[in-house]
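Trainee: Below: sequence and its predicted model.
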Amino acid sequence: MMMRRMGRPGLIGLAARTAVVAGTATAVSGGMRRRGEEKQQNAAEQQQYEAQQQQDQINAAAAAAVAAQTAAAPAAPVVAPAPAAAADGGSDVIGELTKLAGLHTQGILSDAEFTAAKAKLLGI
């Protein structure tokens, strides 16, 4: 009859116990690492969402400010700077034409007025 030894475990029992402990430790550390990464990812997504919300609020406030300023201030005509005189003391024809075109584009001069002023400037 075979006798079983009582007391300390044998070599196989010790190896099996070590494997179980190591496997459990690996599983626990992997789970903790995964949870930590999920928390970091969620925190990053939350920060990105909050930053986007803040940027949307800034854009909305800027648009409202521009709309309020546009509504409050009358449209002032943009006048081109006075053209520099030519070296011979005559007028700068190209500068004057540019100025007339700007006034026509802004709607200050009608088509007929623009045509008449251009003809007068060019001597036609």
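Mentor: Arrived safely, thanks for sending. Numbering: from 1, shown residues only.

Trainee: Can you check the pLDDT for the residue sitting nearest the centre point of the chain?
Mentor: The centroid of the chain falls nearest to Q55 when counting by CA atoms, centre = their mean (8.2 Å). Looking at Q55, its pLDDT reads 92.

Trainee: Tell me how far A116 lies from S110.
Mentor: Per CB to CB, to the nearest Å, A116 is found 10 Å from S110. Placement of C-beta: from N, CA and C, glycine included.

Trainee: How is this structure divided into domains?
Mentor: Following automatic domain parsing, the chain resolves into domains at 10-73, 77-124.

Trainee: among those, which is the most enclosed?
Mentor: domain 77-124 (a mean of 12; mean count of other CB atoms under 10 Å).

Trainee: returning to what we had before: the residue nearest to the centre of the chain: helix or strand, and which one exactly?
Mentor: Using DSSP states H and E, Q55 falls within helix 11-72.

Trainee: Centre of the chain to that helix, how far?
Mentor: 22 Å (CA atoms, centre = their mean, to the nearest Å).

Trainee: ok, then the element right after it?
Mentor: In the C-terminal direction, the helix or strand that comes right after helix 11-72 (DSSP H and E) is helix 93-106.

Trainee: report the angle between the axes of whatever helix or strand comes next after that next one and helix 93-106?
Mentor: The helix or strand immediately downstream of helix 93-106 is helix 111-122, counting by DSSP H and E. Relative orientation of helix 111-122 versus helix 93-106 (axes from the mean of the first three to the mean of the last three CA atoms, to 10 degrees): 180 degrees.

Trainee: May I have helix 111-122 as CSV, with CA atoms only?
Mentor: The C-alpha coordinates for helix 111-122 follow below in CSV (Å, rounded to 0.1, in the frame of the first residue of the first chain):
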residue,chain,number,x,y,z
ASP,A,111,-23.9,103.3,-63.7
ALA,A,112,-24.6,106.6,-65.6
GLU,A,113,-22.5,108.7,-63.1
PHE,A,114,-19.6,106.2,-63.3
THR,A,115,-19.6,106.2,-67.1
ALA,A,116,-19.8,110.0,-67.2
ALA,A,117,-17.0,110.5,-64.7
LYS,A,118,-14.8,107.9,-66.5
ALA,A,119,-15.4,109.6,-69.8
LYS,A,120,-14.5,113.0,-68.3
LEU,A,121,-11.3,111.6,-66.7
LEU,A,122,-10.2,109.9,-69.9
